[in-house]
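Q: need a structure here:
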Amino acid sequence: MQPVAESSEQRAVLFDLDETLLDRTASLKQFALWQATGMLRNQINHAQQFCDRFVELDDNGRVWKDRVYQQLTDEFAIQGWSMQELLSSYELCFSGFCQEKPGVSAAIKSLHQQGYRLGLISNGKTPFQERNFQALGLCKYFDVVIVSEAVELRKPDAAIFRLACERLDVPVSQAIFVGDNPIADIQGAHQAGMKTVYIPGFFGEHCVEADRVCSHFEQLPKLVQELKRL
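A: Sure thing, here's the model as predicted:
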């Protein structure tokens, strides 16, 4: 029998994926190194330089990879592999390098054991983001997974947060969103009526609009309990 939360009303915790559950930067570096020393080993003389440039051009996922690979092809004079072939390699193989942020699994298991319904909302392409999430081995704990392309909505649109809560059968007032982007995650979730937890990273250490800041995932279950009492 699944444990139930202390309150008689069902509660939920929802998460962003990239740089929240998934250590995307570390994963991207590992993938780029694999690509540079594997399929491009006869093209790239300095693998680390290729990796660093890949991450720089990617700009925390804000630049899609067709543009990244076109630039890399030009800068490193790559021959024998088309931009589309490199992009296909990324789309099909990146999930094999996905790694979670430290402490994520333990925090997710703790929340699940406490009876919280868990959900994921990710801006991005499907099935690419779904494969990346599946690679973390957390799917069995989650009741809802929403990727923006599949529902034609994107964070920070409040509608995508409300849709997730509807699918979880939890009122937005009883839901907490955890993410690293002050606009897409924190502001969007607040506008939908959710409480929020900010994960420091690419966008800085502080977010004035967030209800709580979680510097280490070990803190998350305690922060969720604090917000539950508000």
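Q: what's the closest non-adjacent residue to Leu138?
A: Of all residues not flanking Leu138 in the chain, Ile108 sits nearest, at 5.6 Å (CB to CB, 6 or more residues apart in numbering). From N, CA and C alone the C-beta is placed, and that goes for glycine too.
Q: for Gly96, same thing?
A: Spatial nearest neighbour of Gly96, excluding adjacent residues (CB to CB, 6+ apart): Ala135 at 7.0 Å.
Q: dump the residue contacts of the one you found.
A: Residues in contact with Ala135, defined by CB atoms under 8 Å, 6 or more residues apart in numbering, are 95-96, 98.
Q: then the longest helix seen in the chain to PDB, C-alphas only?
A: As assigned by DSSP state H, the longest helix anywhere in the chain is helix 24-37. Presented in PDB, the C-alpha positions along helix 24-37 are these (Å, rounded to 0.1, in the frame of the first residue of the first chain):
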ATOM      1  CA  ARG A  24      22.800  18.700 -18.100                       C
ATOM      2  CA  THR A  25      26.100  20.500 -18.200                       C
ATOM      3  CA  ALA A  26      28.100  17.600 -16.900                       C
ATOM      4  CA  SER A  27      26.100  15.200 -19.200                       C
ATOM      5  CA  LEU A  28      26.800  17.400 -22.200                       C
ATOM      6  CA  LYS A  29      30.500  17.500 -21.500                       C
ATOM      7  CA  GLN A  30      30.700  13.700 -21.300                       C
ATOM      8  CA  PHE A  31      28.700  13.400 -24.500                       C
ATOM      9  CA  ALA A  32      30.800  15.900 -26.400                       C
ATOM     10  CA  LEU A  33      34.000  14.200 -25.200                       C
ATOM     11  CA  TRP A  34      32.600  10.800 -26.400                       C
ATOM     12  CA  GLN A  35      31.700  12.400 -29.800                       C
ATOM     13  CA  ALA A  36      35.100  14.100 -30.200                       C
ATOM     14  CA  THR A  37      37.100  10.900 -29.300                       C
END
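Q: Okay, buried residues for it please.
A: Across helix 24-37, burial judged by 16 or more other CB atoms under 10 Å covers 24-25, 27-36.
Q: Can you spell out which helices and strands pack onto that helix?
A: Here helix 24-37 touches helix 47-58, helix 83-93, going by 3 or more CB pairs under 8 Å, 6 or more residues apart in numbering; DSSP states H and E.
Q: Quick check: mean pLDDT of the very next helix or strand once past the shortest one?
A: Spelled out, it's helix 83-93. Note on helix 83-93: by DSSP states H and E, the next helix or strand toward the C-terminus is helix 104-113. Helix 104-113 carries an average pLDDT of 99.
Q: Any buried residues in helix 104-113, and which?
A: Residues of helix 104-113 classed as buried: 104-105, 107-108, 110-112 (neighbour count, 16+ other CB under 10 Å).
Q: so where's the protein shaky on pLDDT?
A: 1-8 (pLDDT under 70).
Q: In the protein, mark out all the helices, start to finish.
A: Along the chain, counting by DSSP H, helices occupy 24-37, 47-58, 65-75, 83-93, 104-113, 128-135, 148-151, 158-168, 188-192, 220-228.
Q: care to break this structure down by domain?
A: Using automatic domain parsing, the domain parsing of the chain gives 12-23+100-228, 25-97.
Q: just these: most buried one?
A: Greatest average neighbour count among those goes to domain 12-23+100-228 (a mean of 19), per mean count of other CB atoms under 10 Å.
Q: Determine how far the last residue of that one lies from the first.
A: 10 Å (CA to CA, to the nearest Å).
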